[in-house]
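Chemist: Model the following, please.
(chains A, B, C and D)
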Protein chains: 2
Amino acid sequence: MNENPPEPTRTGDHLLKVLGALNNPHRLRIVAALAKERNYVSQLARETGISRPLLHMHLQRLEAAGLVSGTLELSADGKAMRFYEVAPFLYQLTPDSIAQAAETLTRTGQKEETR
Amino acid sequence: MNENPPEPTRTGDHLLKVLGALNNPHRLRIVAALAKERNYVSQLARETGISRPLLHMHLQRLEAAGLVSGTLELSADGKAMRFYEVAPFLYQLTPDSIAQAAETLTRTGQKEETR
DNA sequence: GGCATGTGTCAGCTTTTCTTGACCGGTGTC
DNA sequence: GACACCGGTCAAGAAAAGCTGACACATGCC
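Modeler: Next up is the predicted model:
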């Protein structure tokens, strides 16, 4: 009788999160950059030309959708660096897959708590 | 030879349009409803519980992305009705496909004319 | 004339998203 | 002490998206 599943449900609501995470040119480029090689925040900011605060927000959005994942590591000289890499995701967008996902939509269009 | 393709490019910019079109619970439900059967605006508004002006806006967004298409028809009693149906689309979202699409992105994040 | 149905559009508001420029903390080297 | 680099967060504004209530047009039926 567990009413709230421990996993992110992987259906309508989750699909919306993914779509929202990818619906931005900057975030597409971030995913593209991380698909080629894992990178840490400051370096990624330089390469993409995005400011640190902004990049941080975008990475949060991508990570919340499960598209990328970050790990805090220590470099040789003792600096704390957060490395990000893409998750091996795969989503198919077709009328049928959307019709199926729409059945498990809980949101009417209003916000909802992530946790 | 031909530097500017006559079609909507079908790449980064177009993918963004599709993602933006699907990034909304109402629009997912609209696509789902139209996937089951074609329908006209007022009837669709009743079934989905969306107001006419709002539904009109959502349909425009979906049609602009090429996910649905509308046709103006005349009913038996002479009423002009706009019927919508889904287009048979298929989009794969993977890190690689996104990396590929990101290369053809023209937008930095700013708006651009549709034509 | 009413009323019902269908279509579309407009102004104006609320909410969300995006973005920037500060700040804060830390470590290490000169 | 400077400065470099790394990390993060905050407030506040600008821009985009979402939504509503009018209003317009049309037709057909009582």
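
Chemist: okay, CA-based contacts and neighbour counts for the rest of this
Modeler: Noted.

Chemist: can you pull the contacts of residue A:75?
Modeler: residue A:81 (Cα atoms under 8 Å, 6 or more residues apart in numbering or on different chains).

Chemist: Quick check: the gap between it and residue B:71.
Modeler: Counting by Cα to Cα, to the nearest Å, the gap from residue A:75 to residue B:71 is 61 Å.

Chemist: what's the answer for residue A:12, then?
Modeler: Distance from residue A:12 to residue B:71, by Cα to Cα: 29 Å.

Chemist: quick one: which of these two has more around it?
Modeler: Higher neighbour count among residue A:12 and residue B:71: residue A:12, with 23 against 11, using other Cα atoms under 10 Å in any protein chain shown.

Chemist: Can you give me the neighbour number for the residue lying closest to the more buried one once chain neighbours are set aside?
Modeler: With sequence-adjacent residues excluded and distances taken as Cα to Cα, 6 or more residues apart in numbering or on different chains, residue A:12 is closest to residue A:101, at 4.3 Å. Using other Cα under 10 Å, the number of residues around residue A:101 comes to 20.

Chemist: pLDDT averaged over the strand or helix carrying residue A:101 - what is it?
Modeler: In the assignment (DSSP states H and E), residue A:101 maps to helix A:95-102. Per-residue pLDDT over helix A:95-102 has a mean of 96.

Chemist: how about it: buried residues?
Modeler: Of the residues in helix A:95-102, A:95, A:96, A:98, A:99, A:100, A:101, A:102 count as buried by neighbour count, 16 or more other Cα atoms under 10 Å in any protein chain shown.

Chemist: Over to stretch A:80-92?
Modeler: A:81, A:82, A:83, A:84, A:85, A:86, A:87.

Chemist: Doesn't residue A:76 lie inside a strand?
Modeler: No: assessed with DSSP: H, G, I helix; E, B strand; the rest coil, residue A:76 is coil; it does not lie in a strand.
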